[in-house]
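*Asks:* okay, sequence plus prediction incoming.
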Amino acid sequence: MLEFAPHDAVTKLDALIASAKLPAREADQCCRLADTLRRPARVCLLGFATGDIARVAQGFIGAENLFCGGLLPAVELHFGQKLMSKVTLEDGTTLEAPGWPSDEILQRDPVFLQIFLPEDRLRLMSLLVLVLQDDPAMQRPALSWASRRSEITVWCTPAFNHADAQALNLAPERLTQHAYLLETRPNNAVPKHSEIAHFAEIFSLPHPEALDLTPLTNRLIADIEDARVADLDMAQLILHRLGHFAPKDREQAGDDTQVTPHAPAHDLRPTLSEPLLFLIARTGELAELLSPGLEPEDWVARVLSHCSETVEGLRHRAANWPEDVASAQTLKSTIEDIGDMIILLEIEGQAEQAQDTAALLFQLRVAFEKALGWETV
C-alpha cells in the first residue's frame, strides 16, 4: 500500500517554504504540492440511488452496516484512529461525538456529516458520498460544491438514464475531468446517452447483490499511485530547481539554537511560521481573485474553491500541533470553526457567500498574527 504522505518530500518542501525566500508564485506551487502529498486522494461517489450508493460506499472501504442510521445527502469519510462523527447543522453549529451520531442529532436534519474511521482504505483515499436531489435547481450547487472537494468522481446509478444525463450536464468541468461510471443494474438493451463519453471507463456489477467492486477499486488505486508518483517527481524537480533557497545546515543549526528547552512554552513561532506563510500566500492570491474582471459564475466558484482548499491545508497542518499548548489548540479550534462555516457557505454557493468566505479567510490570518503577538496589517 502507498505511504499516506511521503514524509521526506513534505519536510523538504516545508523547509523551502519556511525559508521565506521563494518568489510568490514558486511559494504557492510548493504549498499546493506539499498539501497534496500530505493528504489522501479525494474521491466523490454520487448519484440518485440512495440504497445503492450506501452499499457501494461501504464496499469501497470494507465497513459493514456503516449507514445503519441512514445515509444523509452529504457524508465525508476520513481515516481516524477511532470511530467518531462530526455533524454540521443548518445554523452552522457543529457537534462532535464518538461513534455514529445519535438518532436525536440526525432528526435535526444536518446538512453535512463527517465520519472518521480506522479503515486502512481511507489512508489512501477519503470518500465524499453525495446523494443528489431530483430538483435540478438543487443539483447545480451540490455538484459545484462536490467538485471543490474531490479529484476523482464515481457516478453511481442502476443504469445510466436521462435523469443522470441531465444532472451530469449541470456538473462543473472539474467534476468530470477524472470520472468513472458504475452501473449497479445495467440494462444493455437501453441505448447509451452521448453524455456517457464524459467517463474514462464504465464499470458494472454483473451480480448486484455480490457487490464485487474489485475492478473499480483496482483502477482507482492505480490512478492514485500514478498521481502520487507524478507528484513526487514534481517535488524532486522543484527541490532541485529551487534548492538554493533552502536554509543551509549552518543556518538551520542557528535557527535550532534559538529554540531551546528554556524557550517559553507559549512561543508558537516554530509551530506557526510555515502555516502562516502558507496562509499569507493564499490570501495574497485571494486578493487577486477578488479583483474585478472575472465572469460572475467563474468568480464565485474560484473564490469558494480557493478558500476551501486553504482551510483544508491549514487543518492538515494543525493536526500535528502540540496538545499541551493552549494557544495552539485555541487557534486550531478557530481553524475548525471557520472551516465549518466555509462548508455551509460553499453549499449555498452564491456571490454573497463567496464574499463572506473571503472575509473568513482574512479573519483567520488576523487570528494567526494575534497568536504570534504580531501587529495585524
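*Replies:* In hand now; what should we look at? Numbers count the residues shown, from 1 in each chain.

*Asks:* bridged to Met125, which residues?
*Replies:* Ala41 (DSSP bridges).

*Asks:* return the residues in contact with it.
*Replies:* Going by Cβ atoms under 8 Å, 6 or more residues apart in numbering, Met125 touches Pro40, Ala41, Arg42, Val43, Ile152, Leu220, Ile224. The C-beta positions use only the backbone N, C-alpha and C, and glycine is treated the same way.

*Asks:* how far does stretch 33-46 sit from its chain's centre?
*Replies:* 6 Å (Cα atoms, centre = their mean, to the nearest Å).

*Asks:* er, stretch 18-25 actually
*Replies:* 24 Å.

*Asks:* got a list of contacts for that stretch?
*Replies:* Counting by Cβ under 8 Å, 6+ apart, residues outside stretch 18-25 touching it are Leu16, Cys30, Leu242, Phe245, Ala246, Pro247, Ser273, Glu274, Leu277, Ala281, Gly284.

*Asks:* and those residues, which are buried?
*Replies:* Leu16, Cys30, Leu242, Phe245, Ala246, Pro247, Ser273, Glu274, Leu277, Ala281 (16 or more other Cβ atoms under 10 Å).

*Asks:* so the first one sits against Leu242, correct?
*Replies:* To tie it back to what came earlier, the one meant is Leu16. Yes. Taking Cβ atoms under 8 Å as the definition, Leu16 is a contact partner of Leu242 at 6.1 Å.

*Asks:* and for those two, which residues touch both?
*Replies:* In contact with both Leu16 and Leu242: Leu22, Cys30, using Cβ under 8 Å, 6+ apart.

*Asks:* where does Arg108 sit: helix, strand or coil?
*Replies:* Using DSSP: H, G, I helix; E, B strand; the rest coil, the structure places Arg108 in coil.

*Asks:* phi first, then psi, for it.
*Replies:* Torsion angles at Arg108 (phi, psi; degrees, to the nearest 10) stand at phi -90, psi 10.

*Asks:* how close does the closest residue in space to it that isn't next to it in sequence get to Glu323?
*Replies:* Leaving out its chain neighbours, the residue that sits closest to Arg108 by Cβ to Cβ, 6 or more residues apart in numbering is Leu89, at 5.9 Å. Per Cβ to Cβ, to the nearest Å, Leu89 is found 27 Å from Glu323.

*Asks:* list the contacts of the residue nearest to Arg108.
*Replies:* Contacts for Leu89 (Cβ under 8 Å, 6+ apart) come out as Leu95, Arg108, Asp109, Pro110, Val111.
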